[in-house]
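Visitor: quick one: sequence plus predicted model below, questions after.
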Amino acid sequence: MKHPPIAAAVVLLCILCGGRTRASDQAADLNSDVAPLLLSLERSKFRALQQADTAVLNAIFDDGLMMVDSNGGLSAKTSYLEAVHNSATNSLHIVPESMTVKAFGGLAIVVGIYNESGMKAGHATHRRYRFIDTWQFKNGKWVCIAATATSTGL
Amino acid sequence: MKKQFSLTLLICLWSLPIHAQSRTDAESKVLALERLWGQAAQVRDIRALESIFDDALAYVHIDGRLMTKEQVLADTKSVSAVEIVVNSSAAHAHGNVVIVTGILHLKGIQAGKPYSQSGRYLDTWMARGEGWVCVSSMTTPMKR
């Protein structure tokens, strides 16, 4: 656990902001409150990716996560966290550029663009990616159950 | 017309009440809707596609374009014939949400030239009323 205070803060954020509602009968409240929370969780996710902080990512991702990376590869949570742990992403800046939340009661979609820049395999790189993350209100907190990204070509 | 009617009828049948569905039932129904989606796209059955997509659909095309439901339907109407082959599709249910992943191969003609593309898609389906609707879809080109 590289950053235990951050991981604890993310878990606390999930529980505090999620735990005060019951998914089915307070869907309207979920919809009105969910955007700032999910945007905050997304920013935590990008920070954790950059820092290869698998403890934070472990709290954000559901155990049943399905992940399609920008090369079209498919990963489950365990293999994805292993890949993050073994990668040198901390030499990259991974920053969200824009994000939009679409809420559907206990389900929400975040659509956005993020930038990745820095050194990769000895070369300067700058890539822009479009992503869609799927979040679900589960066991009293919001977790990311699916994530997919693709290059914008820019 | 007959083909379009059949597709629409099949979608209605596969969208029967979700109450008391087991996880496998939900996954099977959504996978069936995915197959119908592919068929409807090939024959450009806009009516069938309208019932598959939620109005708030977020769709990212294999070329990276972010599109709304209306834009996807308009795009489907305007493109020339395309052959769609889907394989390795799998569904994973989370209560009233189902995530589907798979690989699709597209073949068609664009600007008079044949093209072929493969991509991995990830679709999110949500139980809505008496059936299921797709709320997001992204296809990522597969690096060869």
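Guide: Received it, and whenever you're ready, just let me know what you need.

Visitor: alpha carbons only for contacts and neighbour counts from here, please
Guide: OK.

Visitor: need the pLDDT of the spatially most central residue of chain B.
Guide: By CA atoms, centre = their mean, chain B has its centre lying nearest to residue B:37, at 4.1 Å. As predicted, residue B:37 sits at a pLDDT of 94.

Visitor: give the residue spans of chain B that score low on pLDDT.
Guide: B:1-23, B:81, B:144 (pLDDT under 70).

Visitor: any residues of it in contact with chain A? List them.
Guide: Chain B comes close to chain A at residues B:56, B:58, B:64-65, B:92, B:97, B:99, B:119-122, B:124, B:136, B:138-143, as judged by CA under 8 Å from any CA of the partner chain.

Visitor: starting from the longest strand along chain A, tell me which strands it pairs with and how they run.
Guide: Longest strand in chain A by number of residues (criterion: DSSP state E): strand A:123-138. Partners of strand A:123-138 in the sheet, by DSSP bridges, are strand A:107-120 (antiparallel), strand A:141-151 (antiparallel).

Visitor: in CSV, list the C-alpha atoms belonging to the longest one.
Guide: The one in question is strand A:107-120. C-alpha atoms of strand A:107-120 as CSV (Å, rounded to 0.1, in the frame of the first residue of the first chain):
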residue,chain,number,x,y,z
LEU,A,107,-26.1,3.1,-12.3
ALA,A,108,-24.0,5.8,-13.8
ILE,A,109,-21.8,6.3,-16.8
VAL,A,110,-18.8,8.7,-16.9
VAL,A,111,-17.8,9.7,-20.4
GLY,A,112,-14.6,11.7,-20.9
ILE,A,113,-11.2,12.3,-22.3
TYR,A,114,-7.9,12.1,-20.6
ASN,A,115,-4.3,13.0,-21.6
GLU,A,116,-1.3,10.9,-21.0
SER,A,117,2.1,12.5,-21.4
GLY,A,118,5.7,11.9,-20.4
MET,A,119,8.4,9.3,-21.2
LYS,A,120,7.4,5.8,-22.2
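
Visitor: now the strands paired with strand A:123-138 as JSON lines including mean neighbour count and mean pLDDT?
Guide: Formatted as JSON lines, the strands paired with strand A:123-138 follow (neighbours: other CA atoms under 10 Å in any protein chain shown; pLDDT from 0 to 100):
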{"stretch": "strand A:107-120", "mean neighbour count": "19", "mean pLDDT": "92"}
{"stretch": "strand A:141-151", "mean neighbour count": "25", "mean pLDDT": "97"}
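
Visitor: out of these, the one nearest residue A:56 is which?
Guide: Of all those, the one in closest proximity to residue A:56, counting by CA to CA, is strand A:141-151 (11.7 Å).

Visitor: what sits up against the closest one?
Guide: Here strand A:141-151 makes contact (CA atoms under 8 Å, 6 or more residues apart in numbering or on different chains) with A:14-15, A:17-19, A:38, A:59-72, A:127-137, B:64, B:99, B:122, B:138-141.

Visitor: so of these, which ones are in strands?
Guide: Short answer: these in strands (DSSP E) are A:61-68, A:127-137, B:99, B:122, B:138-141.

Visitor: in PyMOL, how would I select the buried members of these?
Guide: With 16 or more other CA atoms under 10 Å in any protein chain shown as the burial test, the buried ones among these are selected in PyMOL as follows:
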select buried, (chain A and resi 61+62+64+65+66+67+68+128+129+130+131+132+133+134+135+136+137) or (chain B and resi 99+122+138+139+140+141)
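
Visitor: chain neighbours aside, what residue packs nearest to the residue of chain A found nearest chain B?
Guide: Distance from chain B to each residue of chain A (CA to the nearest CA) is smallest for residue A:72, at 4.5 Å. Leaving aside its chain neighbours, residue A:72 sits nearest to residue B:142 (4.5 Å; criterion: CA to CA, 6 or more residues apart in numbering or on different chains).

Visitor: quick one, helices of chain B?
Guide: Assigned by DSSP state H, chain B shows helices spanning B:2-14, B:23-42, B:46-52, B:69-78.

Visitor: pLDDT value on the most far-flung residue of chain A relative to its centre, please?
Guide: The C-alpha centroid of chain A is most remote from residue A:122, which lies 26.8 Å away (CA atoms, centre = their mean). For residue A:122, the model assigns a pLDDT of 81.

Visitor: contacting residues around it?
Guide: No contacts exist for residue A:122 under CA under 8 Å, 6+ apart.

Visitor: same question, the one 3 residues further on
Guide: Applying CA under 8 Å, 6+ apart, one finds that residue A:125 lies in contact with A:116, A:117, A:118, A:119.

Visitor: again, only this time at 10 Å
Guide: Neighbour list for residue A:125: A:92, A:116, A:117, A:118, A:119 [criterion: CA atoms under 10 Å, 6 or more residues apart in numbering or on different chains].

Visitor: in the sheet, who's paired with it?
Guide: Assigned bridge partners for residue A:125, using DSSP bridges, are residue A:118.
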